[in-house]
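K.L.:
Sequence and predicted structure are below.
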Amino acid sequence: MNLLESLKEYSVIVADTGDIDAIARLRPQDATTNPSLLYQSAQNPKYRALVEDALAFGMRAKGDRKSKAAATMAKLAVNFGCEILKHAKGRVSTEVDANLSFDVDGSLARAHALIALYAQAGVARERVLIKLASTWEGIRAAEKLEREGIHCNLTLLFSFAQAVACADAGVTLISPFVGRIYDWYKKERKADDIAPQDDPGVQSVTRIYNYYKKFGYRTQVMGASFRKVEQITGLAGCDLLTISPDLLDKLEGTAGALERRLSVAAAKAGAAEKITMDEQTFRWMHNEDAMATDKLAEGIRRFHVDAGKLEEYVLALVEKIQAA
């Protein structure tokens, strides 16, 4: 047995990549992408047909070149999602634009547009998770979408306040970012590394998992953004784990069996106390976590920058077609 096989006994494995070849090779249950991954994949010649199809769709959209680029980007995300679902038997996560992170109505409109495009492609909404940033506004949008039967994956999650608010909103899935939490504390402590047993990212996901299971929340926890194998194995038993292809390969290439680290029984025996969450409590608790406020803001900015790069790439293609 290798570590990946052992891990699959305790957790659902999700591929964190836009590389369809990697997904086809690894055959994960689910897959997730983000603007950064899509930007990389869109430039790959092997996916040119997906890009050209999205361009043809965008060129038919009404409005100026920015409107056509926005339509192209939405269709591109869905095209990659559909292609991914040919190799993943579960769900794919597709992200709402980062610049809508504080816009409930804008997030809802974008989510509805993505779901409509998937429906046109013959993909049922049950196989799609709409990815939204875990801002107060993103969580409110997700709450409304869940009531409509549109399932959501709340991303850029760093604080316990975000996790509690997501559970109270009844979202399907959260993606706490282990590696980015680790990065922040490593820099803050001026350390070259942090031992697995002291890793703040692993500790954060463990706390969230235990809270959810103790109080019977249906929201699933998917550990994300890993930097090393030890962070993954330290969360064996978490509902889902989304892992990059290079780390999946390392797990698969290492012989051994894992010990389960997280369990419902242990969580129910824990001493966690229930928190009553409203907007004021959320904003204060989140504000008190310096790491979380830093990383959420940085994450939104980074995704927006990468979405901008993708938009510029698409605009250049649009202009090339219009000039022909």
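P.N.:
Here it is on my side, so go on. Numbering: from 1, shown residues only.
K.L.:
you'd agree Leu55 is up against Lys320?
P.N.:
No - counting by Cβ atoms under 8 Å, Leu55 stays clear of Lys320, with 9.4 Å between them. C-beta coordinates here come from the backbone N, C-alpha and C atoms, glycine included.
K.L.:
Compare the two and say which is more crowded by neighbours.
P.N.:
Taking other Cβ atoms under 10 Å, Leu55 and Lys320 do not tie; Leu55 has more neighbours (21 against 10).
K.L.:
Doesn't that one belong to a helix?
P.N.:
Yes - applying DSSP: H, G, I helix; E, B strand; the rest coil, one finds Leu55 inside a helix.
K.L.:
For it, give me its contacts.
P.N.:
Contacts for Leu55 (Cβ atoms under 8 Å, 6 or more residues apart in numbering) come out as 72, 314, 317-318, 321.
K.L.:
Ok, Lys190 next?
P.N.:
Contacts of Lys190 (Cβ under 8 Å, 6+ apart): none.
K.L.:
now the strands for the stretch 51-200 of the chain?
P.N.:
Under the criterion DSSP state E, counting those that start in this stretch, the stretch 51-200 of the chain carries strands at the ranges 92-95, 128-133, 152-157, 173-176.
K.L.:
Output the last one in PDB, but only the C-alpha positions, please.
P.N.:
So the one you mean is strand 173-176. Output in PDB follows, covering the C-alpha atoms of strand 173-176 (Å, rounded to 0.1, in the frame of the first residue of the first chain):
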ATOM      1  CA  LEU A 173     -18.300  22.800   1.400                       C
ATOM      2  CA  ILE A 174     -15.500  25.000   2.700                       C
ATOM      3  CA  SER A 175     -11.900  25.100   1.700                       C
ATOM      4  CA  PRO A 176      -9.600  26.200   4.500                       C
END
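K.L.:
Touching it from outside, list them.
P.N.:
Contacts of strand 173-176 (Cβ under 8 Å, 6+ apart): 32, 129, 131, 134, 151-158, 162-163, 166-167, 201, 204-205, 208, 219-225, 240, 242.
K.L.:
Each with direction, which strands does that strand pair with?
P.N.:
Using DSSP bridges, the strands paired with strand 173-176 are strand 152-157 (parallel), strand 220-223 (parallel).
K.L.:
just how off-centre is that strand within its chain?
P.N.:
Chain-centre distance of strand 173-176: 7 Å, with Cα atoms, centre = their mean, to the nearest Å.
K.L.:
Quick one: mean pLDDT for that strand?
P.N.:
Here strand 173-176 scores 97 as its mean pLDDT.
K.L.:
Out of the contacts of Leu55, which comes closest to Ala116?
P.N.:
Within the contacts of Leu55, proximity to Ala116 (Cβ to Cβ) peaks at Thr72, which comes in at 15.5 Å.
K.L.:
how far away is the closest residue to the closest one other than its chain neighbours from Ala31?
P.N.:
In space, and not counting its chain neighbours, Thr72 is closest to Gly58: 2.9 Å by Cβ to Cβ, 6 or more residues apart in numbering. Distance, Gly58 to Ala31, by Cβ to Cβ, to the nearest Å: 24 Å.
K.L.:
Look at stretch 188-197 and report the distance between its end residues.
P.N.:
With Cα to Cα, to the nearest Å as the measure, stretch 188-197 spans 18 Å from end to end.
K.L.:
mind listing what's buried in it?
P.N.:
The neighbour-count check on stretch 188-197 (16 or more other Cβ atoms under 10 Å) flags Ile194 as buried.
K.L.:
Appreciated, that's everything.
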